[in-house]
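Q: quick one: sequence and predicted model below, then my questions.
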Protein chains: 2
Amino acid sequence: MQRAIVLVSGGMDSCVTASIAKDSGYELNFLHINYGQRTEKRELESFNKLSEFFKVRNKLVVDITYLKEIGGSSLTDFSIDVEKGEVDRKEIPSTYVPFRNGNIVSIAVSWAEVLKASRIFIGVVEEDGSGYPDCRKSFYDAFNSLLKVGLAYTDLRIETPLISISKGEIVKKGLELGAPFELTWSCYKMEDIACGECDSCLLRLKGFREAGILDPIPYIKR
Amino acid sequence: MQRAIVLVSGGMDSCVTASIAKDSGYELNFLHINYGQRTEKRELESFNKLSEFFKVRNKLVVDITYLKEIGGSSLTDFSIDVEKGEVDRKEIPSTYVPFRNGNIVSIAVSWAEVLKASRIFIGVVEEDGSGYPDCRKSFYDAFNSLLKVGLAYTDLRIETPLISISKGEIVKKGLELGAPFELTWSCYKMEDIACGECDSCLLRLKGFREAGILDPIPYIKR
């Protein structure tokens, strides 16, 4: 059985990604990154519930709150307000953490070398409208080229199964595979009831609306 | 004046790299990474002395001791002994931390985005015989390709001015530029007097011998 590391934030995308990795026959190892985001406590709770649900072999939580010290994002710098979301906004929003996924994937690669894993799964979505440069397919293609020259032990590849599909298709895929959406959390702003207004809530609600089903988590406004 | 971030461990290579960046006319910003190495206290002391010497604009120390938890290296896992060095050894030594430079460079990239820096300088040396995959030129070429697609704000490039030169040439270059070798520390094993036996000591001593000058730091055995 080949090993995979799945990056699990605790949101719906990482949950569906884990379901896809499981369905593809990999032994699951879950990695959660705390980069000092506002809703970390709630995300970690979802991560732990998902780890139990998927009966993972290993789980690891890594703290990279240095990104908060480096600053530059409203997700980690609490003096910057999180904008209300606009699904079709074109410029990069204030929630962008510079090269965040570069940092996160590098950690997963280090762990993969030690576990001798052959795949890293990450649930990034290019078309979700947020415009983060490290959520594009070209970024992961370039990272896979880097892995071809940068590793000692493993033949490792990053898989981004959601990168080119819509939020609605992600929800449908999750339903098909029995993904436990009720255990997930996506809101950037709140930890008890989702705000329904931030980028992340808007995208999630759009996905469930497109799939024609009701999102099982609670919202202030949906 | 264009900004550069220089990765400064506190060793002779990073010191000469800083001298080269300064000589090339960049405003200097120093980044030091604590990844839980044995000699971190001594390295940090050298980093602070070098920051003073070079009158840097900003300095930043980032803790990535999660690499210790991930394990797999004698530099961070204190239950593995550091081997005595062999300069011409071909296999990858136990001091290899998987994808360490991938993690380190990613942090530098995040900081560079915030500072709007245009260069990252790192003093890696391909020909030093240690065989680390993330010390090869091909790794930095691939990383520069990744930066072309992964950044939002900056036109950023990684510079590796020492990558294809010998330890002797590095010492000569440092002398020419007035690099303060007396402030640096390279030993992997000891913090007061360099052991003179680990990979890092052997390479450093070889460099000074090739350059025909005496290394100004103290050794148990040289």
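A: Perfect, thanks for sending it.

Q: what's the lowest-mean-pLDDT helix or strand in chain A packed up against?
A: Within chain A, no helix or strand scores below helix A:66-70, which has a mean of 80 by mean pLDDT, DSSP states H and E. The contact analysis (3 or more Cβ pairs under 8 Å, 6 or more residues apart in numbering or on different chains; DSSP states H and E) places helix A:66-70 against strand B:58-63, helix B:100-115. Every residue, glycine included, has its C-beta placed from N, CA and C.

Q: ranking those by burial, who's on top?
A: Greatest average neighbour count among these goes to helix B:100-115 (a mean of 24), per mean count of other Cβ atoms under 10 Å in any protein chain shown.

Q: show me what that one is packed up against.
A: So helix B:100-115, by 3+ Cβ pairs under 8 Å, 6+ apart, packs with helix A:66-70, helix A:100-115, helix A:137-150, strand B:3-7, strand B:27-34, strand B:58-63, strand B:119-121, helix B:137-150.

Q: including distance to A:Pro180, could these go into a markdown table?
A: Listed next are the helices and strands packed on helix B:100-115 as a markdown table, based on distance: least, Cβ to Cβ, whole Å:
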| stretch | distance to A:Pro180 |
| --- | --- |
| helix A:66-70 | 29 |
| helix A:100-115 | 22 |
| helix A:137-150 | 26 |
| strand B:3-7 | 42 |
| strand B:27-34 | 38 |
| strand B:58-63 | 34 |
| strand B:119-121 | 41 |
| helix B:137-150 | 32 |
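
Q: before we move on, the earlier item: list of residues touching the least confident helix or strand of chain A?
A: A:35-36, A:73, A:76-77, A:97-98, A:100, A:103, B:60, B:62-64, B:107, B:110-111, B:114 (Cβ atoms under 8 Å, 6 or more residues apart in numbering or on different chains).

Q: which SS state does the residue lying farthest from the centre of chain A fall under?
A: When distances are taken from the C-alpha mean of chain A, A:Ala152 lies farthest, 26.7 Å away, according to Cα atoms, centre = their mean. What DSSP: H, G, I helix; E, B strand; the rest coil gives for A:Ala152 is coil.

Q: rebuild the helices and strands packed on helix A:66-70 as a markdown table, extending it with mean pLDDT.
A: A markdown table is the format used below for these (pLDDT from 0 to 100):
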| stretch | mean pLDDT |
| --- | --- |
| strand B:58-63 | 91 |
| helix B:100-115 | 92 |
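
Q: in space, what's closest to A:Lys167 - neighbours in sequence excluded?
A: Excluding its sequence neighbours, the residue lying closest to A:Lys167 (Cβ to Cβ, 6 or more residues apart in numbering or on different chains) is A:Gly207, at 3.0 Å.

Q: is it true that the one you found touches A:Ile170?
A: Yes. Between A:Gly207 and A:Ile170 there is a contact under Cβ atoms under 8 Å: 5.8 Å.

Q: intersection of neighbour lists for the two?
A: Common neighbours of A:Gly207 and A:Ile170 (Cβ under 8 Å, 6+ apart) are A:Met12.

Q: what's the burial count for A:Phe181?
A: A:Phe181: 20 surrounding residues under other Cβ atoms under 10 Å in any protein chain shown.

Q: low pLDDT regions in chain A?
A: Residue ranges of chain A with pLDDT under 70: A:71-96, A:128-131, A:153-154.

Q: wait, A:Cys135 sits on A:Glu127?
A: No. At 9.2 Å, A:Cys135 and A:Glu127 do not qualify as touching, with contact defined as Cβ under 8 Å.

Q: who has more neighbours, those two?
A: Using other Cβ under 10 Å as the criterion, A:Cys135 and A:Glu127 rank with A:Cys135 on top: 21 against 15.

Q: look up phi and psi at the nearest residue to that one once chain neighbours are set aside.
A: Using Cβ to Cβ, 6+ apart and skipping the chain neighbours, the partner closest in space to A:Cys135 is A:Val124 (4.5 Å). Dihedral pair for A:Val124: phi -70, psi 150, per degrees, to the nearest 10.
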